[in-house]
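1. predicted model and sequence below, questions to follow.
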Amino acid sequence: MTPVTKYTKSGDINIAYQVLGDGPLDLVFVHPFVSHLEQNWEDTAITHFLRRLASFSRLILFDKRGTGMSDRVPVNELPTLEERMDDVRAVMDAAGSVRAALMGASEGGPMSALFAATYPDRTTALVLYGTYARGIRDETYPWGLTAEQVELVAEIMEQSWETGPMVEFMSPTAASDPALRESFATYHRRGASRGGGRALFRMNMEADVRNVLPVIAVPTLVLHRAADITAHIDGGRYIAERIPGAQFVELPGNDHVPWYGDVDALVDEVETFLTGVRPAPEPDRLLATVMFTDIVRSTELAAEMGDSRWKALLEAHNGVVREQLATYRGREVKSTGDGFLATFDGPGRGVRCAHAISEAVGPLGIEVRAGLHTGECELLENDIGGIAVHIAARVASLAGAGEVLTSSTVKDLVAGSGLEFEDRGVHELKGVPQEWRLYAVR
């Protein structure tokens, strides 16, 4: 569900915020540069990043004043770091958060560091990603920009606002993909005006929190991607060396924006640091009962009925199948045109579902056949693979009209379930190295 946008007052300014998740700890995420709370949920990359954070926390999001859905302010009245800290406190109060971890990304880092040093009683931990201690370089901090470079970048950023400001530097991943590039540009256009974006960048470059770093007393994690073009990794090391007890983690990649690149590796580090538990890797294999179904004589029926009638029949058939999948806790993997590929977490449910589908399509004047096998499946994007899927497809191809055919593995696993089977003999399955004994469900 997309979280509801709410508002709270920080002085005379309305600050938009959202709360997502119900984890045991509160986490305030301070967006980089500009943001737009509701646009977040129209971008799959940002959505994935935020939902990962919310999977182990109660995630608190807000648009900084002057950006997104919060009140816009004149470019000559942009907020100071102190005013932005006030905005965070106001949002935490409105969200009912007494203490929270802060995660500041890019230009959200300096303000988050200042908040942690100023309000240790309200800060449980600090996470800094791809950030800097000072925007403009000097003899002791050589990783910022010169004053001349700041003006040049600000001008280039303003000129490229329509197509994505400095996208090649901030996110090479987005720059190389036309769809991501347009999403990147849309996000910034909604997050701030063209002139506002330039003014915000110039203001952000004036930040200098070097003297604040040794005062930070809360547990701190500093994350930085090794080839980040926008913020040099040595600037991240500088920060970690000056915050007492801070951990520094170097991540591979060159994306400055946190929701592009290897997002899960980044969030895994945050989760481990904040919860003390490293998340288990997402499984890429599992044991499942695989079912294939298809309509008997579908090619002939399509020719006999014509396009419109055939499409209507297919829609009715698909509705029946999906209804039975829902009843028996089946997971639709995909439609195969005149049939379905689905999986079940138990072979008994798979067999009963196949039988129910065969019965339920009778009033439509058609027959289906189904084949099932239980085995290890590879989890692919929007699909499954592996030998178990291949075997189930071959079993289905040998089923007769109205028949539910299973491998011996399925029959053995449902022993004692009350299901009855008829032996259909041993078969060679094309592409499968061994012979299989098949059984028809009575």
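-> Received, thanks. Numbers count the residues shown, from 1 in each chain.

2. so what's the closest residue to Glu83 other than its chain neighbours up against?
-> Once flanking residues are discounted, Glu83 sits nearest to Arg65: 7.1 Å by Cβ to Cβ, 6 or more residues apart in numbering. (C-beta placed from N, C-alpha, C; glycine too.) By Cβ atoms under 8 Å, 6 or more residues apart in numbering, the residues touching Arg65 are 10, 13, 15, 71, 73, 79, 83-84, 87.

3. minimum pLDDT in those, which residue is that?
-> Among the contacts of Arg65, Pro79 carries the lowest pLDDT, at 81.

4. show me where the stretch 301-442 of the chain has helices.
-> In the stretch 301-442 of the chain, the helices defined using DSSP state H, counting those that start in this stretch lie at 307-327, 347-360, 387-398, 408-413.

5. okay, these in JSON lines with mean pLDDT, mean neighbour count and distance to Trp259 next?
-> Listed next are those as JSON lines, based on pLDDT from 0 to 100; neighbours: other Cβ atoms under 10 Å; distance: least, Cβ to Cβ, whole Å:
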{"stretch": "helix 307-327", "mean pLDDT": "95", "mean neighbour count": "15", "distance to Trp259": "33"}
{"stretch": "helix 347-360", "mean pLDDT": "96", "mean neighbour count": "22", "distance to Trp259": "37"}
{"stretch": "helix 387-398", "mean pLDDT": "95", "mean neighbour count": "22", "distance to Trp259": "32"}
{"stretch": "helix 408-413", "mean pLDDT": "92", "mean neighbour count": "19", "distance to Trp259": "42"}
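
6. ok, which of these comes nearest Gly371?
-> Comparison of the helices of the stretch 301-442 of the chain against Gly371 by Cβ to Cβ identifies helix 387-398 as nearest, at 2.7 Å.

7. what residues does that closest one touch?
-> Contacts of helix 387-398 with the rest of the structure, by Cβ under 8 Å, 6+ apart, involve 288, 290-294, 341, 369-377, 405-407, 424, 427, 429-432, 436, 438.

8. circling back to that earlier point, tell me which two of the contacts of Arg65 sit farthest apart.
-> Largest separation among the contacts of Arg65 by Cβ to Cβ: Asp71 and Arg84, giving 13.4 Å.

9. surely Val127 is in a strand?
-> Yes: applying DSSP: H, G, I helix; E, B strand; the rest coil, one finds Val127 inside a strand.

10. now it: closest residue in space, sequence neighbours ignored.
-> Counting by Cβ to Cβ, 6+ apart, Val127 lies nearest to Met103, which is 4.1 Å off, once chain neighbours are set aside.

11. one step back: neighbour count: Asp71 and Arg84, which is higher?
-> It is Arg84, of Asp71 and Arg84, that has more neighbours when counted by other Cβ atoms under 10 Å, with 21 against 16.

12. related to what we said a few turns ago, the contacts of helix 387-398 in strands, which ones?
-> The strands, defined by DSSP state E, take in 288, 290-294, 341, 369-377, 405-407, 424, 427, 436, 438 from the contacts of helix 387-398.

13. picking that back up, buried only: go through the contacts of helix 387-398 for me.
-> For the contacts of helix 387-398, a burial check counting by 16 or more other Cβ atoms under 10 Å picks out 288, 290-294, 341, 369-375, 377, 405-407, 424, 427, 429, 436, 438.

14. picking up where we left off before, contact partners for the residue nearest to Val127?
-> Contacts of Met103 by Cβ under 8 Å, 6+ apart are 27-30, 53, 112, 126-129, 270.

15. now Val73: which helix or strand?
-> Using DSSP states H and E, Val73 is not contained in any helix or strand.

16. over to Gln39?
-> helix 37-40.

17. dump that helix to PDB, keeping only the CA atoms.
-> This file holds the C-alpha atoms of helix 37-40, laid out as PDB (Å, rounded to 0.1, in the frame of the first residue of the first chain):
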ATOM      1  CA  LEU A  37       6.900  11.800  -1.500                       C
ATOM      2  CA  GLU A  38       4.200  10.600  -3.800                       C
ATOM      3  CA  GLN A  39       6.500  10.400  -6.900                       C
ATOM      4  CA  ASN A  40       8.600   8.000  -4.900                       C
END
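
18. got a list of contacts for the following helix or strand past that helix?
-> For helix 37-40, the following helix or strand on the C-terminal side (DSSP H and E) is helix 44-54. Residues from elsewhere that reach helix 44-54 (Cβ under 8 Å, 6+ apart): 20-21, 23, 27, 29, 40-41, 59, 61, 103, 180, 183, 187, 258-260, 263-264, 267, 270-271.

19. could you tell me which of those residues belong to helices?
-> Judged by DSSP state H, the contacts of helix 44-54 include 40, 180, 183, 187, 263-264, 267, 270-271 as members of helices.

20. quick one: which of those is nearest Gly236?
-> Nearest to Gly236 out of the ones in helices among the contacts of helix 44-54 is Val270 (Cβ to Cβ; 14.7 Å).

21. these two touch, right, Thr131 and Gly104?
-> Yes: Thr131 sits in contact with Gly104 when judged by Cβ atoms under 8 Å, with a separation of 6.2 Å.

22. what residues are shared contacts of the two?
-> 110, 113.

23. and Ile60, what does it touch?
-> Neighbours of Ile60 in contact, by Cβ under 8 Å, 6+ apart: 17-19, 26-29, 91-92, 95, 97, 100.

24. likewise for Val30?
-> 64, 88, 102-105, 108-109, 111-112.

25. how far is stretch 187-207 from where the chain is centred?
-> 26 Å (Cα atoms, centre = their mean, to the nearest Å).
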